[in-house]
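Asks: pasted the sequence and its predicted model underneath.
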Amino acid sequence: MTGWRTLLYKECLRFWKVAVQTIAAPVLTAVLYLLIFGHVLEDRVLVFDRIGYTSFLIPGLVMMSVLQNAFANSSSSLIQSKITGNLVFLLVTPLSHWAWFGAYVGASIIRGLLVGLGVLGVTVWFGPPGFVGPLWVLVFALLGAAIMGTLGLIAGLWAEKFDQIAAFQNFLVMPMTFLAGVFYSVGSLPAFWQAVSHLNPFFYIVDGFRYGFFGVADVSPWVSLAVVGASFAVAAAVALRLLKTGYKLRA
């Protein structure tokens, strides 16, 4: 437990030392999204027949920020350690693969939630979304951050240079995040694109999270919880297997 806590502290300290870049910058980006899209569409779009667009947009932006920053934390940390060569100092420790997983994913969850709270704290003044089910908000925020922290860990293990991490993020994480219903209700799409969206696990994270604010969603929150929980279980199993075998960690 001491080793796990030490590694977790080190990972948290790593992003906290550059908080302007890792915390403040994503909050500013989310605010800019809100100002632009909210200003343009507030009077033109009404979601779920009663929710103003700005209020609808806020939970989506919060969750998008959580997901992207949780992924960035674990992936960037691991690839930096590989490239700079300081990963060897972790390899000589008696830390188990469970300790590695808990520390890297735990730090990713903390960073993701800090950014999400920052985005919510700044944007909530533009259109208070309400909190119908705060427990749903917390559960999906934690699971969403955990999934992305785990995917970031997998990407960091697989990648050997920053370009590969960028490709993973730009061609997988970013499209799946933007197409998860952050800026629109999936229920407003044609039937074909609704079916395609339902294949995206990120959609269930955003939809379940938004349910906690409004009490309405495109699918049942229990369905979303089942999909998100299963997705985390699969991602965690893959990451733990890679860590246990030392995939691309040991020469």
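Replies: Here it is on my side, so go on.

Asks: contacts only, for Val105.
Replies: Applying C-beta atoms under 8 Å, 6 or more residues apart in numbering to Val105 gives the contacts Ser74, Ala146, Gly149, Thr150, Leu153, Ala236, Ala239. Every residue, glycine included, has its C-beta placed from N, CA and C.

Asks: any idea how far the residue nearest to the spatial centre of the chain lies from Ser55?
Replies: The structure's the chain has its C-alpha centroid closest to Leu67; by C-alpha atoms, centre = their mean the separation is 1.4 Å. Going from Leu67 to Ser55 by C-beta to C-beta, to the nearest Å gives 20 Å.

Asks: Thr93 contacts Trp4, correct?
Replies: No - using C-beta atoms under 8 Å, Thr93 is not in contact with Trp4, being 10.6 Å away.

Asks: tell me which of these two has more neighbours.
Replies: Trp4 (17 against 12; other C-beta atoms under 10 Å).

Asks: where exactly do the helices run in the protein?
Replies: 2-16, 19, 25-41, 53-84, 88-91, 97-123, 134-158, 162-168, 174-178, 191-197, 201-214, 221-245 (DSSP state H).

Asks: looking at those, which is nearest to Tyr184?
Replies: Across the helices of the chain, Tyr184 has its closest neighbour in helix 53-84 (8.7 Å, C-beta to C-beta).

Asks: out of the contacts of Val105, who's the most crowded?
Replies: Result: Gly149 is most packed of the contacts of Val105 (other C-beta under 10 Å), 32 neighbours.

Asks: mind listing what that residue touches?
Replies: Ala70, Phe71, Asn73, Ser74, Tyr104, Val105, Gly106, Ala107, Ser108, Ile109, Gly112.

Asks: and Phe131, by the same measure?
Replies: Per C-beta under 8 Å, 6+ apart, neighbours of Phe131: Val137, Gly212, Phe213.

Asks: where does it fall, phi/psi-wise?
Replies: phi -130, psi 90 (degrees, to the nearest 10).

Asks: tally of neighbours for Ala195?
Replies: The burial count for Ala195: 11, using other C-beta under 10 Å.

Asks: and it, how far is that from Val186?
Replies: Counting by C-beta to C-beta, the gap from Ala195 to Val186 is 10 Å.

Asks: cool, Val88 as well?
Replies: 46 Å.

Asks: please identify which of these two sits among more neighbours.
Replies: With neighbours defined as other C-beta under 10 Å, Val88 and Val186 compare such that Val186 has more, 21 against 11.

Asks: Met176 touches Phe202, doesn't it?
Replies: Yes - the criterion here is C-beta under 8 Å, and Met176 meets it with Phe202 at 4.7 Å.

Asks: between the two, which one's more packed in?
Replies: Phe202 (25 against 14).

Asks: my guess is the more buried one contacts Ala180. True?
Replies: Yes - counting by C-beta under 8 Å, Ala180 is a contact partner of Phe202 at 3.8 Å.

Asks: circling back: ok, the contacts of Gly149 vs Pro190, which is closest?
Replies: Phe71 (29.6 Å).

Asks: burial of the nearest residue to Leu67 once chain neighbours are set aside, as a residue count?
Replies: In this structure, Leu67 finds its nearest non-sequential neighbour in Met148, 4.7 Å apart by C-beta to C-beta, 6 or more residues apart in numbering. For Met148, the neighbour count with other C-beta under 10 Å is 30.

Asks: got the contact list for Met148?
Replies: Val66, Leu67, Gln68, Ala70, Phe71, Ser108, Gly112, Val173.
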